[in-house]
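S.K.: predicted structure and sequence below. I'll ask about it afterward.
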Amino acid sequence: MIKKFTALLANIIVITLSQAPNAVASDDNENLEYLKALTPHSAEYRVFYGSIELGKARYQLPESDNGYYNYRFDSDISLLMLSDVRNLNSEFKLEDGKVKPIRYMSKRSGTGSDYTEQTAFAAGQGVIHTIYKDEREKLPFAEDVYDPLLSQLIFRMDMYRQPELLKYKMVKEKEFDDYEFKVVGKEQVILDSGTYQTVKIEVVRKSKKRQTFFWMAPELNYLPVRLSHFSKGSKQLDIQLDNYQIQQAIESDTAVTKANAGLTVNQ
């Protein structure tokens, strides 16, 4: 049973959050509020199945080093004697207000098979190199393709455009995956960690047997504060923001000023 939960965790929380009209395109430089999503921060979440707490998940985006970023996700969940640990890392750079992926690494360990996934975005070669469970693949490079973790930051940037529908393409398990999301509306979310005014998002699927919603807080640079997954109307997974740290907004304001001046952004 835990394998089902952890697969759900990997496929939902990791993508919570690209070909969409990308908010970091160079012709959008007149309004760079979206860069606030790259303000250094960390966020920790509690993962529940019904009333059972399975464990925690954490995102970390440290301060940039000369325009280079390293975004990280870690989760550790368990149920009885079963366990699942995941560590994801996305390296990317910001040039002229546009996000460019560099490499992605994912590692899974615990009950069942352990495996890794690695992806390198070789723009100069016109190729995306990817390895999943020791099997290699070459995919054609495209500017609008990201890894599952970086796609979340792109999503948050795009939210500053106040879109109604978002479409994304990412490299996952040696192939391109498409995801589509729609804005449901505004909603207040009350959690143990606080009360948040949010924008509610739904994952678009052909079948209504499975539904996934998540809530993003504009005041927290569109950080997701909750995610709920339903199967046949019954809630299976609930992920709630437990605590977070965001550097002072003045730092992201400085980043916006630099980007407006046509410089590579350093936070």
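M.R.: Perfect, thanks for sending it.
S.K.: switch to C-alpha atoms for all contacts and neighbour counts from now on
M.R.: Will do.
S.K.: hmm, who's touching stretch 110-118?
M.R.: The contact list for stretch 110-118 (CA atoms under 8 Å, 6 or more residues apart in numbering) reads 3, 82-85, 103-109, 130-134, 173.
S.K.: so which of the residues you listed are in strands?
M.R.: Among the contacts of stretch 110-118, DSSP state E puts 82-85, 103-109, 130-132 in strands.
S.K.: redo these as TSV? Include distance to Lys208 and pLDDT.
M.R.: Listed next are these as TSV, based on distance: CA to CA, whole Å; pLDDT from 0 to 100:
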residue	distance to Lys208	pLDDT
Leu82	30	89
Ser83	30	93
Asp84	28	94
Val85	30	96
Arg103	34	97
Tyr104	32	98
Met105	32	98
Ser106	30	97
Lys107	31	97
Arg108	29	96
Ser109	32	96
Thr130	32	97
Ile131	33	97
Tyr132	30	97
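S.K.: only the buried subset of these, as a ChimeraX command please.
M.R.: Selection of buried members from the ones in strands among the contacts of stretch 110-118 for ChimeraX, criterion 16 or more other CA atoms under 10 Å:
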select :83,84,85,103,104,105,106,107,108,130,131,132
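S.K.: which two of the ones in strands among the contacts of stretch 110-118 have the greatest separation?
M.R.: Farthest pair in the ones in strands among the contacts of stretch 110-118 (CA to CA) is Leu82 and Arg103. Separation: 30.4 Å.
S.K.: give me the below-cutoff pLDDT ranges for the stretch 1-150 of the chain.
M.R.: Within the stretch 1-150 of the chain, the ranges that satisfy pLDDT under 70 run 1-30.
S.K.: quick one, helices of this protein?
M.R.: 2-12, 150-158, 249-260 (DSSP state H).
S.K.: packing partners for the second one?
M.R.: Contact here means 3 or more CA pairs under 8 Å, 6 or more residues apart in numbering; DSSP states H and E; on that basis helix 150-158 packs against no helix or strand.
S.K.: pull the distance from it to the chain's centre.
M.R.: A distance of 6 Å separates the centroid of the chain from that of helix 150-158, by CA atoms, centre = their mean, to the nearest Å.
S.K.: buried residues in it?
M.R.: Per 16+ other CA under 10 Å, helix 150-158 contains these buried residues: 150-158.
S.K.: same deal with stretch 122-141?
M.R.: 122, 127-132, 141.
S.K.: for the top strand by length along the chain, what is the distance to the chain centroid?
M.R.: The longest strand of the chain (DSSP E) is strand 175-191. Computed by CA atoms, centre = their mean, the separation of strand 175-191 from the middle of its chain amounts to 11 Å.
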